[in-house]
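[1] model this:
(chains A and B)
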There are 2 protein chains.
Amino acid sequence: MKTADPELMRAINRYLVIDVIRRHGPIARVEIVERTELSRATISAITGGLIDEGLIHVRHFDAAEGGNDAASRGRPRVMLELNGVAYRVVGVKLSLHRISIAVTDFRGDVLRDLVIPVRIARQTPEVVADLVEDGVRQGVADAGLTMADISGVGIGLPGVIDGVAGVSHESPVLGLSPVPFADFMRQRLGVPVLLENDANLVALAEHWFGHARDRDSFVVVTVEDTIGMGLFIDGKLYRGAHGVGAELGHVKMRLDGPLCRCGQPGCLDTLASDAGVIEAARNAGYLATDDRRQSSELIASLLSRARSGEAGPAALFRTAGEALGLAIANVLNMLNPPLIIISGEGLRAGTLLTEPLLAVLDRLSLPALRAATEVIFHPWGDESWARGAATIVLRRIYETPLNASPT
Amino acid sequence: MKTADPELMRAINRYLVIDVIRRHGPIARVEIVERTELSRATISAITGGLIDEGLIHVRHFDAAEGGNDAASRGRPRVMLELNGVAYRVVGVKLSLHRISIAVTDFRGDVLRDLVIPVRIARQTPEVVADLVEDGVRQGVADAGLTMADISGVGIGLPGVIDGVAGVSHESPVLGLSPVPFADFMRQRLGVPVLLENDANLVALAEHWFGHARDRDSFVVVTVEDTIGMGLFIDGKLYRGAHGVGAELGHVKMRLDGPLCRCGQPGCLDTLASDAGVIEAARNAGYLATDDRRQSSELIASLLSRARSGEAGPAALFRTAGEALGLAIANVLNMLNPPLIIISGEGLRAGTLLTEPLLAVLDRLSLPALRAATEVIFHPWGDESWARGAATIVLRRIYETPLNASPT
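    This next block holds a predicted model:
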């Protein structure tokens, strides 16, 4: 049973204040009062505490810098901003063919990043954990820090991931058996580790520093080796019965469609994911079945043939775009979210994918609902992914009084 | 921006206390403390206030009645319960072929109910409003009350209903143009009126007194003249961008499927709703196109033919059940809710509908997710519907400090 006790109230207010300072800092106390609608006394108490803890610090602006309203003219203004060095964290993104790592400060600004090219799915989870450990230690050293400076590590990966328990139930990178990967990494690194499905991670990061900064409800769809979905409602990531959250890859599109890795027919993954496109290309003879290149190279070669006018490879991306358009139309017809962000490496196909996607989406979503839903394409680089992974740890630190320990 | 100020905190705590007393009363203060995890001082202050307001009252139990633990033995126990006469409200359900009305007390217990047989869709919204007014006034009089005793009226109906603004955007009973039906009724009855999509209403009522009493997250699917969906997350009804909430009827099942009322192809409504089954029966020649009977009679006649062994009519219900099974499998694959409640008049088809539904649902939902989701069939009588409509007003009264006026 949920309660609203004074301690929880203070924790929520503290989170609000830190978040406003992060988004809008340097910011004057009076503006924090306006934006949070909390009382001046509450804001003074909370900001005083945050200064004492070293999480924020004060900057004095001259009148010329600090604004020119009558009240402030002629005397310096006191502004508050996050203290970047208060905490450092690490974000890691596991993809099929690389490990991306970013070390960030308390503001989420990237101090150092690196990419390790490795086909993860060919290695055991223990080997992957060893490689992630080596990469994290290297990134931290490159940033001039030691592991003792690091407050936590956030790891994003595709698949059915229980973000609460830190377990990968089924993932194209860690395999089909349950792997307690957060535990693996905590043992190796000695710091708290959070695991998260990569679409959920994008949703958290879009809310933190992306297109959903001022939005409390939105949907993210990621097009990668699998199709992912993240659902934010009232400022909170939707978790579902398993801690897994929303998923889109195993929604059934065509019962006469190809058999999916999951053993069921016609899943969206088989029609629209990178893995699905490659499988279809193999079946159609556009790729040799023994081509050992990694999936991103295979997709790149199909794309270059499609762009140079080959109808067959172009049709693969059109089919993927149409399947995505229908699946997203159904998300829109079912949940009517105010914002849908489409992201992921799959967007490298550009208009070959997005034009049929939008055409089907517009044709098959109810006009009144479609008009109320903004649809944005937002391709992410490796650095954004890793930075997003770092923000899941920062977010937890902001909430610390809500969750005594960030593990 | 959301804040957690002391006033909101008090309102939330007050709601929690009333709700615990409603669900578990008569109940001792010490048990309220246990169930809410609020302090003894807070519970004393809130229950004292509720007694002063007349919302709850005290009952004294003898030791024999009141339990036999050592502490209470030999002296009377003080128990708290809702004061049923504190508020009276009216619930109304608009169906294609009837208006159901229930007058309830503050506990949601039905004082009086009545059903008006009328094919609503043949009348203008103004005429429907007049008929609802007449029915409500009759029900209130039959209960020995006057309109001055009534604190509000809740109205449930199928379609795209903005429950926040009280507007029917598109409904099989009020038509395809926007109708500010809550305003219509407020003008006629002089009391606050709440309008709600009927699937949302079932979700609210299941949470209030049905199968979801102790569940904060669940999905309701209603099978009626249209297919409806209600989504509860973290104890709150999901609203979406339009105030409409979740919908299932216009999810596209087969792009080569029949054209829907909405103008788009293959909507679930065309395959699985009462209207869809009747249309398919007409196209297949099982019903004459000029048969003037109301839809429930047409469905009853198809059912009786299916049960007496006619393959064609039986196939209609199997098709409907399979389409529902696939749509619900996709809800499960996407949202992984811990509980799905399937309700509505469509369940009168019994195993003709539910067997193919469950077969497809089990075959096409991911086994790990399916295992975590409970699926319940819960047919509702007219009285339950109307009582459900009443609870949306009671719920608002419970929250009154959160929403100064229940309009």
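[2] residues of the stretch 51-200 of chain A that sit close to chain B?
    With C-beta under 8 Å from any C-beta of the partner chain as the criterion, the stretch 51-200 of chain A meets chain B at residues A:160, A:169-170. Quick note: C-beta positions are derived from backbone N, CA and C, even for glycine.
[3] swap in the stretch 201-350 of chain A?
    So the stretch 201-350 of chain A meets chain B at A:217, A:229, A:231, A:233-236, A:238, A:240-242, A:244-248, A:250-252, A:255, A:262, A:264, A:326, A:329-331, A:333-338 (C-beta under 8 Å from any C-beta).
[4] of those, grab the buried ones for PyMOL.
    The buried residues among these can be selected in PyMOL (16 or more other C-beta atoms under 10 Å in any protein chain shown) with this line:
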select buried, chain A and resi 217+229+231+233+238+240+241+242+244+245+246+247+248+250+251+252+262+264+326+329+330+331+333+334+335+336+337+338
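[5] any chance you could map the strands in chain A?
    A:56-61, A:77-82, A:88-94, A:98-104, A:110-117, A:150-157, A:160-162, A:167-170, A:193-197, A:218-223, A:227-233, A:236-237, A:339-343, A:374-377 (DSSP state E).
[6] residues in contact with A:Asn83?
    A:54-57, A:106 (C-beta atoms under 8 Å, 6 or more residues apart in numbering or on different chains).
[7] could you pull out the helices for the stretch 151-300 of chain A?
    For the stretch 151-300 of chain A, the helices defined by DSSP state H, counting those that start in this stretch occupy A:181-189, A:198-209, A:268-272, A:274-283, A:295-307.
[8] what sits closest to A:Glu126 if chain neighbours are left out?
    A:Phe184 (7.1 Å; C-beta to C-beta, 6 or more residues apart in numbering or on different chains).
[9] surely the one you found touches A:Asp130?
    No: contact criterion C-beta atoms under 8 Å: A:Phe184 and A:Asp130 do not qualify, at 9.2 Å.
[10] neighbour count for those two, which is higher?
    A:Phe184 (23 against 14; other C-beta atoms under 10 Å in any protein chain shown).
[11] so for the more buried one, what's the pLDDT?
    If you check A:Phe184, the pLDDT there is 97.
[12] can you pull the contacts of it?
    Contacts of A:Phe184 (C-beta under 8 Å, 6+ apart): A:125-126, A:129.
[13] just the contacts of A:Asn83 now: which is nearest chain B?
    A:Ile56 (18.2 Å; C-beta to the nearest C-beta).
[14] any idea how far A:Ala45 is from the closest one?
    13 Å (C-beta to C-beta, to the nearest Å).
[15] re the thing from before, any idea which of the contacts of A:Asn83 has the most stuff around it?
    In these, the most neighbours by other C-beta under 10 Å go to A:Ile56, 24 neighbours.
[16] who does that residue bridge with?
    Partner residues in beta bridges with A:Ile56, using DSSP bridges, are A:Leu82.
[17] list the residues that contact it.
    A:18, A:21, A:25, A:47, A:50, A:80-83.
[18] contacts only, for A:Cys20.
    Actually, residue A:20 is Val rather than Cys. A:Val20 touches A:27, A:32, A:35-36, B:1, counting by C-beta under 8 Å, 6+ apart.
[19] quick one: those as a markdown table, columns for distance to A:Val90, neighbour count and pLDDT too.
    Listed next are those as a markdown table, based on distance: C-beta to C-beta, whole Å; neighbours: other C-beta atoms under 10 Å in any protein chain shown; pLDDT from 0 to 100:
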| residue | distance to A:Val90 | neighbour count | pLDDT |
| --- | --- | --- | --- |
| A:Ile27 | 28 | 18 | 95 |
| A:Ile32 | 30 | 23 | 93 |
| A:Arg35 | 30 | 18 | 89 |
| A:Thr36 | 30 | 21 | 85 |
| B:Met1 | 30 | 13 | 38 |
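[20] for B:Ala389, state which of those is nearest.
    Closest approach between those and B:Ala389, by C-beta to C-beta: B:Met1, at 33.3 Å.
[21] out of the strands of chain A, which is closest to A:Ala272?
    Between the strands of chain A, strand A:227-233 lies closest to A:Ala272; by C-beta to C-beta that is 5.7 Å.
[22] list the helices and strands that closest one packs on?
    Strand A:227-233 is packed against helix A:198-209, strand A:218-223, helix A:268-272, helix A:311-335, with contacts defined by 3 or more C-beta pairs under 8 Å, 6 or more residues apart in numbering or on different chains; DSSP states H and E.
[23] swap in 7 Å and give it another go.
    helix A:198-209, strand A:218-223, helix A:268-272 (3 or more C-beta pairs under 7 Å, 6 or more residues apart in numbering or on different chains; DSSP states H and E).
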